[in-house]
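**Q** Take this sequence and fold it.
(chains A and B)
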Amino acid sequence: MGFLAQSTRPAVLTIGGQDFTSSFVSFNVSDTSAFKNGLLPTSGNLVLGQSPGQLEISSYSRDLFKRGTVVTLDMKNPDGTIYRHPRGYLYVISVAYSPENEQLDIALGCRIALAYLTEDVSEILPLVPISLDVARQTIQNCSASFSSNSQILYQDNQGNLVSRYLFGSNGLSLPSSEWVSILGETALSATPLQGASALPDVIKLSYSFPNGDGGLGGVDQTGRIDENRTLSRYFLTYPASTWVRKQKEICTDTDSSGKQVDIACVEPLPPIPRPIDKPSSTCGTPPPRPNRDGETGNSPSDTVPDILACNENWETKPSPQFMPANKLAIERTEYKGPSAQVSTTEVTTFGPAVEVNSQYYADVYAFCVSAYGIYCAPNGGCSFSGMESIEQVRSTTTYTYGSSNELVSTLQETFITELAVAQPFDWRSGLISGQPQDFRYLKADTMFRSQVVETTYKQSENTNLQTTTTWTSVATVNQTGIDTGNIDAMRGIKTVTERRSSTNIPLDLRPDTPNSPVTQTQEKSTEVVLFPSSYISPPTEAGPYVVDESIPVPLRVTFDARAGIVSRYEAYIKRLYQGDIRGMQISESMRPEIVSNWKPNTAFYFYDTANDALMLMQMDASTWGVTQDEALFTTSAIWIADSVGTPTVPSNLVGNSTPSEDGIGRLYGKNGAGEPVGPGPDPGPPECPDCSSGESYYEIVNVDMTLSTSAENYCNAYICFPQPEDQYPNIEFGFTFYVVGFIVGDGDVLETDRYGGLPVDYNGSLIVENATVVNPDLFSSD
Amino acid sequence: MLTVSISYTSQITPENVYDFTIDNFGDNAMPRSYVGEGDFTFSANGTSIISGPAYRRKYQWVISTMMIKADAVIFDKMFRDWDEDRSAGYAAACGIIDQTWGDPVSTNVIFLTPPVYTRLSPVDVSVNFGLQEV
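**A** So this is what the prediction gives:
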């Protein structure tokens, strides 16, 4: 009995449908590792030699075989049947002729390798499991989408793109072994992957998902409208001259010599109001008329200055009026352009009309004061017009895009009120152009287009050309007033500016960068325990060793689907880290059980006979080599789980008949030679039918507990005693935790609600009635 | 009698069953020996360390024998059938029973070196070849 690793495999090579087997020298290709990669391209090279009578390969033009030409490699079984090599359907990427050894080197790649080269994701994008924002639809993000859902995408040996979960049938279960590798029997070599790298203890996994309660988010932000409002409150000085009556102050007096001297300013005595009518007769002799000082004269004829009017000791002074004002600015942006770019922006400002043309409102007020103002009422009771809120200015910008979604032109239109460009001769009374004109009251809400700016962008002779055309209203530029005909900007003054640049200087009028070209997201994190006791402390620096990881793409899925993706990714990243650390690089011959129905993540058992160690492994990053002498492969196998069982290694030898010991140089049946004992039938490949694998699970359970106490004041018949002060109560309490665990089969556990709670219908248990409970209490001491 | 018996059954041509018993050898050296040498060394402080493969050492045979020309032709045919099966991808091996010394050794072998023939006389041919235990 024995096992012979037979690596000889005849090959059949075709390129573009033509047979090149006689020119075949070597074939070496490698699959990309699935470690946090969703797309697994295969690439390598094929070497051809010059075969007499075959196609001449000495071509320096490098176009002997065009990119995309199909290359197939088939292998021949000993019984003559043909099967396709697991990576036997690839495409030409490039060719190069080596004149020194007269060989043609052909770079090969699968469809995914070609997609990385051309960045054409049209065939891959419909297959991604988690949709991508329009701005994120790149080949790298397609790969991230697959890995975020714990999946891989590869091209099989028929040219088809195939996607599957990296681990197990659903991303969570253990994979099933499909072949057996035995050290010392079938494995040509076995070396560890990571050497002596440190083992992380915990993975902190973060992930992002759309804002809102499980909303899918938009495909992109097309159609989105943003509006920003800014409200300002302030005070402004009314532009007109306003007056106030103020009491005079006496700051000079005369001394005894009659000389005027300065004194501290004092308010005079309140004036004595003059009676309305001078009495015509009195009963009796009227008292002497009082003077300013209150002294009485001796005769009525004494001259006493009369208080002539009620404005005695009052003066009129200018006094500015401060008025409260509000200003509202509204900025509205619409994203209706291609790839959710800005299509239009509009900025509108509302504010007091008086700010538009202060001279006009000053004149209105002065006109009223001149008509109705009196000495005692210098403002004449005139109102402060123009404080109402009007639309002061409106600016609209429209963006136009080309066929490649590039900005080609912008059109900016500015509207202001006619009042803003009105001149004094438009409203003041007098002779205007020889015609008498009464005072003209203008409307504050009539708008007109004061300026139009059109900017176009294009490339010309390897330079960036920016052409700006500006139309400005004559009323704005020349201050011609509002009665000069059509004052629209398009009938105004036109200026054109050309700007040519060969560098990437920012443009003058750039559109706003797309606001939220990708979905707005929020982030959460969870922890995955790998090895809970792989370090000792002290020293404190020994652990825990925490590695930060994140799910590569935002989870633009429903809330329920998100939980599944996160739990699958936890298992995915945990198995990748553990598997990579305990992985083995194993070389094997291309046995039929390995190459049939091959996929990049084929699982197998690896058995070390000397140490009786059986492990469930999974193929990854396989390298395939075929030459004229041998066909082998090497895989960087990921460790999945330790297993129990003993594989069987049947003999695969053929032709090893046992000699009869009396045949001397004879064929059986001739010259009387004895009959050798023929070999038995081939019992089949190595197997492990009774082997099983286990997996360890570690969970971090956070239990939030709160405790609150209250002190109540008891009242009796509404008579309450006052609360005592400075109370320091001692509160003692104890907690007891217990956890009960069950190991059940697939499908024997019900789901909790989305918040982890037990539905009432489940009667406090998640175990279904017909569950096969393996261990009723994991933490029992029994 | 000290003999080495070799047998092979062709896979491509199943009716070809070969059976040879070799009873003469070119020199006094036993044809059977072991593959590889001992792995023995000392550590930095003088501790004896022995290492080596985790399996028993395989046998190898270097055989030089004399056959009549007719037998040598058939022997060569056996080698060609074995080699053709090997090139087709079969795990082709020959059965061997070695009774040259010690207990008989019955195992499976492959041709490590192809047979080389030397004409000794118009009738006799010297056949030299090497076998490796599987």
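**Q** ok now do the closest residue to residue A:358 other than its chain neighbours, which residues does it touch?
**A** In this structure, residue A:358 finds its nearest non-sequential neighbour in residue A:239, 3.7 Å apart by Cβ to Cβ, 6 or more residues apart in numbering or on different chains. Backbone N, C-alpha and C define where each C-beta goes, glycine included. Neighbouring residues of residue A:239 by Cβ atoms under 8 Å, 6 or more residues apart in numbering or on different chains: A:354, A:358, A:359, A:361, A:362.
**Q** Correct me if wrong, but residue A:566 is in a helix.
**A** Yes - counting by DSSP: H, G, I helix; E, B strand; the rest coil, residue A:566 is located in a helix.
**Q** quick revisit: which per-residue confidence value corresponds to the residue nearest to residue A:358?
**A** Among the per-residue scores, residue A:239 shows a pLDDT of 90.
**Q** element containing it, please.
**A** Taking DSSP states H and E as the definition, residue A:239 sits outside all helices and strands.
**Q** Can I get the buried part of the contacts of residue A:239 as one PyMOL selection?
**A** To isolate the buried members of the contacts of residue A:239 in PyMOL, using 16 or more other Cβ atoms under 10 Å in any protein chain shown:
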select buried, chain A and resi 354+358+361+362
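**Q** hmm, which two among the contacts of residue A:239 are most spread apart?
**A** Using Cβ to Cβ, the contacts of residue A:239 span at most 10.1 Å, a distance reached by A:354 and A:359.
**Q** Switch the contacts of residue A:239 over to TSV; also include secondary structure, distance to residue A:619 and pLDDT.
**A** Formatted as TSV, those follow (DSSP: H, G, I helix; E, B strand; the rest coil; distance: Cβ to Cβ, whole Å; pLDDT from 0 to 100):
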residue	secondary structure	distance to residue A:619	pLDDT
A:354	helix	81	93
A:358	helix	83	93
A:359	helix	86	93
A:361	helix	85	92
A:362	helix	89	92
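**Q** Among the contacts of residue A:239, which one sits closest to residue A:767?
**A** Looking at those and their distance to residue A:767, the nearest is residue A:354, at 78.3 Å (Cβ to Cβ).
**Q** Which residue is the nearest non-sequential neighbour of that closest one?
**A** Per Cβ to Cβ, 6+ apart, closest to residue A:354 is residue A:386, 3.6 Å.
**Q** pLDDT on whichever strand or helix holds residue A:459, on average?
**A** Of the helices and strands defined by DSSP H and E, residue A:459 is found in strand A:447-460. Averaging pLDDT along strand A:447-460 gives 89.
**Q** Starting from it, tell me which strands it pairs with and how they run.
**A** Under the criterion DSSP bridges, strand A:447-460 sits next to strand A:407-417 (antiparallel), strand A:463-472 (antiparallel) in its sheet.
**Q** JSON lines for these, including mean neighbour count?
**A** Formatted as JSON lines, the strands paired with strand A:447-460 follow (neighbours: other Cβ atoms under 10 Å in any protein chain shown):
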{"stretch": "strand A:407-417", "mean neighbour count": "19"}
{"stretch": "strand A:463-472", "mean neighbour count": "16"}
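**Q** mean pLDDT for these: which is lowest?
**A** Looking at those, the lowest mean pLDDT belongs to strand A:463-472 (a mean of 88).
**Q** contact partners of it?
**A** Strand A:463-472 is contacted by residues A:450-459, A:489-490, A:492-502, A:504-505, A:507-509 when judged by Cβ under 8 Å, 6+ apart.
**Q** 10 Å instead, please
**A** Strand A:463-472 is contacted from outside by A:409-414, A:449-459, A:478, A:488-505, A:507-509, using Cβ atoms under 10 Å, 6 or more residues apart in numbering or on different chains.
**Q** Show me what the very next helix or strand once past that strand is packed up against.
**A** Next helix or strand after strand A:463-472 toward the C-terminus (DSSP H and E): helix A:474-477. Where contact means 3 or more Cβ pairs under 10 Å, 6 or more residues apart in numbering or on different chains; DSSP states H and E, helix A:474-477 is packed against strand A:407-417, helix A:418-421, strand A:447-460, strand A:493-501.
**Q** Pick the most buried one from the ones you listed.
**A** Comparing the helices and strands packed on helix A:474-477 by mean neighbour count (mean count of other Cβ atoms under 10 Å in any protein chain shown), helix A:418-421 comes out on top with a mean of 22.
**Q** which helices and strands does it pack with?
**A** Applying 3+ Cβ pairs under 10 Å, 6+ apart, we find helix A:418-421 packed against helix A:358-372, strand A:389-401, helix A:424-427, strand A:447-460, helix A:474-477.
**Q** can you tell me which of these comes nearest to residue B:31?
**A** The closest of those to residue B:31 is strand A:447-460. By Cβ to Cβ, the value is 84.7 Å.
**Q** Number of residues surrounding the residue of chain B found nearest chain A?
**A** Chain A sits closest to residue B:71 of chain B, with a gap of 2.6 Å, by Cβ to the nearest Cβ. Residue B:71 has 20 neighbours, counted by other Cβ atoms under 10 Å in any protein chain shown.
**Q** For the helix or strand in which residue A:228 is found, buried residues please.
**A** Taking DSSP H and E as the criterion, residue A:228 maps to strand A:224-237. Within strand A:224-237, the residues scored as buried using 16+ other Cβ under 10 Å are A:224, A:236.
**Q** do the same with stretch A:423-435
**A** For stretch A:423-435, burial by neighbour count (16+ other Cβ under 10 Å) applies to A:423, A:426, A:427, A:428.
**Q** and stretch A:530-543, which residues are buried?
**A** Judged by neighbour count (16+ other Cβ under 10 Å), stretch A:530-543 contains these buried residues: A:530, A:531, A:543.
**Q** Please tell me how far the second one sits from chain B.
**A** Residue A:531 sits 28 Å away from chain B, taking Cβ to the nearest Cβ, to the nearest Å as the criterion.
**Q** What residues does residue B:65 make contact with?
**A** Contact analysis of residue B:65 by Cβ under 10 Å, 6+ apart lists A:665, B:4, B:20, B:22-26, B:31, B:71-72, B:75, B:115, B:125-129.
**Q** Only whichever of those residues are buried, select them in ChimeraX.
**A** Here is the ChimeraX command that selects only those of those that count as buried (16+ other Cβ under 10 Å):
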select /A:665 /B:4,20,22,25,31,71,72,75,115,125,126,127,129
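**Q** Which members of the contacts of residue B:65 are positioned in strands?
**A** Judged by DSSP state E, those include B:4, B:20, B:22, B:115, B:125, B:126, B:127, B:128, B:129 as members of strands.
**Q** want to try JSON lines for those, with pLDDT as columns?
**A** Below are these laid out as JSON lines (pLDDT from 0 to 100):
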{"residue": "B:4", "pLDDT": "90"}
{"residue": "B:20", "pLDDT": "87"}
{"residue": "B:22", "pLDDT": "88"}
{"residue": "B:115", "pLDDT": "95"}
{"residue": "B:125", "pLDDT": "92"}
{"residue": "B:126", "pLDDT": "93"}
{"residue": "B:127", "pLDDT": "93"}
{"residue": "B:128", "pLDDT": "94"}
{"residue": "B:129", "pLDDT": "95"}
